[in-house]
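*Asks:* A structural model of the following input is requested.
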Amino acid sequence: MPTNTNLAPNHIIAVPFLLGGAWCLLHPSSVLAYATGPKFIPRNPKTADEKQAVTSNEFSLRCFGSQAIISGTAILLMKPTRIFYKVYGAMLVPFFVFDWMAVKSGSLNRLGGIVDFVGNVVMMAACWWGLKQ
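*Replies:* Below is the predicted model of the structure:
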């Protein structure tokens, strides 16, 4: 059975999911340290409540990472249509607002906002590419 090894727009869309998902799943403490703002997580947890918050956030990030890997794998393996690229591209627009609001509120630091923004730009560009095919 022949396989298609050509790079396609959906492969590019899958990359931020797979990379970000793997980062969240395999090393959530570094995601918290490098991407989140001080309002989101205590930097030097001392009390039992602060330590529990860190543990809970790491668990949540691992769950998020697992879901991102599943989504990335599904997008990687699918045969998308023009409708997919239109709808997916439109659904990305609110995430640009989310990035700005998350950085402004302190939930994400600038690095976290930039990383998420770049991933969204890459996916948006891939949607544009998919529409042009």
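*Asks:* quick one, longest helix in the chain?
*Replies:* helix 48-77 (DSSP state H).
*Asks:* list the buried ones in that helix?
*Replies:* By neighbour count on 16 or more other Cβ atoms under 10 Å, the buried set for helix 48-77 is 54, 57, 58, 61, 62, 64, 65, 68, 69, 72, 75, 76. The way it works is simple: take the backbone N, C-alpha and C, and place the C-beta from them, glycine included.
*Asks:* I'd like these as TSV, with pLDDT and distance to residue 100 appended.
*Replies:* Output for those, formatted as TSV (pLDDT from 0 to 100; distance: Cβ to Cβ, whole Å):
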residue	pLDDT	distance to residue 100
54	83	26
57	89	22
58	92	26
61	95	21
62	97	26
64	97	20
65	97	23
68	98	21
69	98	26
72	98	24
75	97	25
76	96	29
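*Asks:* can you tell me which of these is nearest residue 101?
*Replies:* For these, the residue nearest residue 101 by Cβ to Cβ is residue 64; the value is 18.1 Å.
*Asks:* quick one: neighbours of the closest residue to the closest one other than its chain neighbours, just the number.
*Replies:* Closest residue in space to residue 64, ignoring its immediate chain neighbours: residue 24 at 5.3 Å, by Cβ to Cβ, 6 or more residues apart in numbering. Residue 24 has 24 neighbours, counted by other Cβ atoms under 10 Å.
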